[in-house]
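Visitor: I would like to see how this sequence folds:
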Amino acid sequence: APKAGPVSPLPKINYYYDGSGSTDLLTNWWTNKNFTGSNPSNFTDPGMVMHIITNADLVSTLAITGTGSTLIIGDATAVPAVTVAFNSVNLPGIDTIYQSSNGSQTILNFNTSAVPAINQLIDIFTEAHYRAAGTSVGTSKIYDKIFVENNADVVFTGSPTVTTSFRVEAGATATVGTLSTKWLVISDGGTATIN
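Guide: Residues are numbered from 1 along each chain as shown. Presented below is the predicted three-dimensional model:
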């Protein structure tokens, strides 16, 4: 029987969102960090590394589905903090969230129950807002702040660490197995079940 040869790693192609318009338009993604070069031909090719270095609304019609594709928020070099709205359920996981050059908070607004997994969370000032019913978050990362709001129902299956505040707004529900935090604020009408 023939033997399989060595497996080659999947080639990666970097694309940077330019912040100029809808994230589901191929013409708003570029191969160079200064928003020049070429645009992707589709969002389904394998190995696409989608960099977000400016504020972005990942619209519901954006579908990044290529095998081995990933998101990176921020950059290892100097870029300011960004706010990213997650409105698509067809996104790959987040490989890395880098800390901003100016020390400002990176803000993640999860507006759907499908929350991408985060591999590396380097930005210690990340603020996560969970805003959808039926959300399951399997993270044990360190966040500056976590908000459960907009009548969301969120189950944290991991053990997140929160350094400043964990807040459950009125009408929202959070279920947490183990939470390491300095502050837990539950607004009147919000509920939290811990362990």
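Visitor: Other residues contacting stretch 149-157?
Guide: 129-139, 148, 167, 169, 171-177, 179 (Cβ atoms under 8 Å, 6 or more residues apart in numbering). Glycine gets a C-beta too; all of them are placed from N, C-alpha and C.
Visitor: List buried residues within these.
Guide: In the contacts of stretch 149-157, burial by neighbour count holds for 129-132, 135, 137, 139, 148, 167, 169, 172-176, 179, counting by 16 or more other Cβ atoms under 10 Å.
Visitor: Tell me the one of those nearest F43?
Guide: A132 (22.4 Å; Cβ to Cβ).
Visitor: Now the residue nearest to T96 when sequence neighbours are not counted: which helix or strand?
Guide: Excluding the flanking residues, the one nearest T96 by Cβ to Cβ, 6 or more residues apart in numbering is Q120, at 4.4 Å. Using DSSP states H and E, Q120 falls within strand 118-121.
Visitor: Go ahead and produce PDB holding the CA coordinates of that strand.
Guide: Taking Å, rounded to 0.1, in the frame of the first residue of the first chain, the C-alpha atoms of strand 118-121 are listed here in PDB:
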ATOM      1  CA  ILE A 118     -10.600  33.000  21.000                       C
ATOM      2  CA  ASN A 119      -7.200  31.300  20.900                       C
ATOM      3  CA  GLN A 120      -5.000  34.100  22.300                       C
ATOM      4  CA  LEU A 121      -6.200  37.100  24.200                       C
END
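Visitor: Packing partners of it?
Guide: strand 94-97 (3 or more Cβ pairs under 8 Å, 6 or more residues apart in numbering; DSSP states H and E).
Visitor: Toward the C-terminus, what is the element adjacent to the strand it packs on?
Guide: Following strand 94-97 toward the C-terminus (DSSP H and E): strand 107-110.
Visitor: and L108, what does it touch?
Guide: By Cβ under 8 Å, 6+ apart, the contact set of L108 is 73, 84, 86, 97, 126-129.
Visitor: for G103, that is, sorry about that
Guide: Counting by Cβ under 8 Å, 6+ apart, G103 has contacts 81, 125.
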